[in-house]
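**Q** Below: sequence and its predicted model.
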Amino acid sequence: MKTEPGQTVIDNGVLIDGTGAPEIKDGCVIIKDGLIEYVGTRQNAPLLPESIRRIDANGGTILPGLVEAHFHATYFNIRTLEDLDIKYPVEYVSLLASVNCRLALECGYTAARSGGCLFNVDVWLRTAIENDLIPGPRLSPSGREICSAGGLMDWNPEFRKIGMEGLVFIINGADDARKAVRALVKDGVEWVKTYPTGDAAAPDVNDHHTLCMTFDEMHAVVQTAHNHGMKVTGHCRATEGIKNALRAGYDTIEHGTFMDDESMDLLLERDVPVIPALYFEKASVDRGHEFGLSQQVIDGHQETLDGGAASALRILRAGGRLGMGGDYGFGWNPHGDYARELTYFTKEVGFTPLETIKCATRTGAEIMGRGHDLGTLEVGKLGDVLVVDGNLIDEIALLEDRNCFIAVLQGGCLKAGRLAPRQDTRVTVDG
Ligand SMILES: [Zn+2]
């Protein structure tokens, strides 16, 4: 990805650096050749020539670009879960995914870690974004997901005589698990996404207290993935599934819904980040009826929303790490709503705005394995910056409204916001 040559100064705003440190009232960031050269007060900033590019924050907020830590670029705002696997061919899914990537960047998300994808689209999205062919977040790609036969993601009935080729490797045993991971090695993914547990979406045989993989299968996934330098994550709601994942050596935990004392100890011992992704639950409860979800499913989502919120707060207060990502890409939880996750954590779960922003910036970058060059406003890091017209400490929900964005920068390059020419294409419900 290109960086902007020369110097840019951003000032006249409250600066939140993403480390969790208190905000700086009269903040200033200077970017030189794509990298941050100065962060601090305007008063202490070095003298700059009048001619350099200046971005006026208009008394608003200057913060690191956001990181969506559970991103599904290829989920095309589906109307029903079954559509994910069979509705469209890879050609159209790829095009829809590129629109979602542009939208994420316009929403202030300068980086994203994938939570699983259709076909092998993520890897090539990353390539297109890195080559500046399409705009989008710096992407840490996953590939097709892994689930055991009969588990949450194995929903096509036998009589249809089709598998789950677009979305999931269906495995039976540790040998199959290794085989699936080896296919992902060849695909070039960074993350292996698995399904250790069920979900409220499947109340009959794979609900949120059900296990969908054995420990042996999970352990085989981790050993094979780590051998090839890849990382492993998993959809973990049931307590036993969370423990299996932590004991098997998972690198992150998605959801971490029902944490008990023992799972907390295992989590904190290895400092494994958790991505609760609560807004999918919240939207399922609020809008489920509109999309034909049964009352039983909606009640289950309420239970996982409550459990997930309590666990997230407990993890934060115990000193654990959390990433922000809302599992967007469903009709009732569409792309573009990303920052609702941050509002929810601040207004409903009990995080302070600074805590939420730290999770959505620094921890997100750490999850991607890019804590060294992304995620905070610190000297030497990439100039990935979001400038918002308004004070986020007073009103975090401003992040939901792109009209409030003055600038979205990647490596000092102006990519979106009021100062950039605006495009407004998005994937409608159902692709
Ligand atoms: Zn997901």
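**A** All right, it came through fine.
**Q** Going by C-alpha atoms from here, please, whenever you check contacts or count neighbours.
**A** Fine.
**Q** Summarise which helices and strands the lengthiest strand in the chain is packed against.
**A** Longest strand in the chain, counting residues (DSSP state E): strand 53-64. Packing partners of strand 53-64 (3 or more CA pairs under 8 Å, 6 or more residues apart in numbering; DSSP states H and E): strand 7-15, strand 385-388.
**Q** which of the ones you listed sits most buried?
**A** Per residue and on average, the most neighbours among the helices and strands packed on strand 53-64 fall to strand 385-388, with a mean of 29 (mean count of other CA atoms under 10 Å).
**Q** For that one, which strands pair with it and how are they oriented?
**A** When pairing is defined by DSSP bridges, strand 385-388 lines up against strand 53-64 (antiparallel), strand 405-410 (antiparallel).
**Q** returning to that earlier point: chain center to the longest strand of the chain: distance?
**A** Remark: strand 53-64 is offset 25 Å from the chain centroid, using CA atoms, centre = their mean, to the nearest Å.
**Q** Export the helices and strands packed on strand 53-64 as TSV, with columns for distance to Ile406 and mean pLDDT.
**A** Converted to TSV, the helices and strands packed on strand 53-64 look like this (distance: least, CA to CA, whole Å; pLDDT from 0 to 100):
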stretch	distance to Ile406	mean pLDDT
strand 7-15	11	97
strand 385-388	5	98
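**Q** Which helix or strand in this protein has the lowest average pLDDT?
**A** Using mean pLDDT, DSSP states H and E, helix 83-86 stands out as the lowest-scoring helix or strand of the chain, at a mean of 86.
**Q** May I see the buried residues of that one?
**A** For helix 83-86, a neighbour-count test (16 or more other CA atoms under 10 Å) marks Leu84, Asp85 as buried.
**Q** Tell me the confidence at Gln296?
**A** We note a pLDDT of 97 for Gln296 in this prediction.
**Q** Tell me, how many residues neighbour it?
**A** 14 (other CA atoms under 10 Å).
**Q** That one: what's it in contact with?
**A** By CA atoms under 8 Å, 6 or more residues apart in numbering, Gln296 lies in contact with Pro203.
**Q** And it, how far from Val99?
**A** Distance of Gln296 to Val99, given as CA to CA, to the nearest Å: 34 Å.
**Q** same thing with Pro46?
**A** Distance of Pro46 to Val99, computed by CA to CA: 40 Å.
**Q** With Glu82 instead?
**A** Between Glu82 and Val99 the computed distance is 22 Å (CA to CA).
**Q** who has more neighbours, these two?
**A** Ranked by neighbour count (other CA under 10 Å), Glu82 and Val99 place Val99 first, with 21 against 12.
**Q** thought Gly371 was touching Thr361?
**A** No: using CA atoms under 8 Å, Gly371 is not in contact with Thr361; the gap is 9.5 Å.
**Q** which one of the two has more residues nearby?
**A** The neighbour count for Gly371 versus Thr361, taken as other CA under 10 Å, is higher for Thr361 (31 against 16).
**Q** I'd say Ala128 and Arg138 touch.
**A** No: here Ala128 lies out of contact with Arg138, judged by CA under 8 Å, at a distance of 10.3 Å.
**Q** Going by how many neighbours each has, rank the two and give me the top one.
**A** A direct count of neighbours by other CA under 10 Å for Ala128 and Arg138 places Arg138 higher, at 23 against 16.
**Q** Name the helix or strand for the residue nearest the centre of the chain, please.
**A** In the chain, the C-alpha nearest the mean C-alpha coordinate belongs to Ala69, at 2.1 Å (CA atoms, centre = their mean). Using DSSP states H and E, the element containing Ala69 is strand 66-71.
**Q** Dump that strand to PDB, keeping only the CA atoms.
**A** C-alpha atoms of strand 66-71 as PDB (Å, rounded to 0.1, in the frame of the first residue of the first chain):
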ATOM      1  CA  LEU A  66     -10.200   1.500  13.900                       C
ATOM      2  CA  VAL A  67      -9.600  -2.200  13.600                       C
ATOM      3  CA  GLU A  68     -12.500  -4.500  12.900                       C
ATOM      4  CA  ALA A  69     -11.300  -7.700  14.600                       C
ATOM      5  CA  HIS A  70     -14.100 -10.100  13.500                       C
ATOM      6  CA  PHE A  71     -14.600  -9.100   9.800                       C
END
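**Q** Okay, buried residues for it please.
**A** Buried residues in strand 66-71, defined by neighbour count with 16+ other CA under 10 Å: Leu66, Val67, Glu68, Ala69, His70, Phe71.
**Q** And stretch 182-194, by the same measure?
**A** Within stretch 182-194, the residues scored as buried using 16+ other CA under 10 Å are Leu184, Val185, Asp187, Gly188, Val189, Glu190, Trp191, Val192, Lys193, Thr194.
**Q** How about Thr239: what's its closest non-neighbour residue?
**A** Nearest in space to Thr239, with sequence neighbours left out and distances taken as CA to CA, 6 or more residues apart in numbering, is Phe258 at 5.2 Å.
**Q** That neighbour and Ala309 touch, don't they?
**A** No: in this structure, Phe258 is not within contact of Ala309 by CA under 8 Å, at 9.6 Å.
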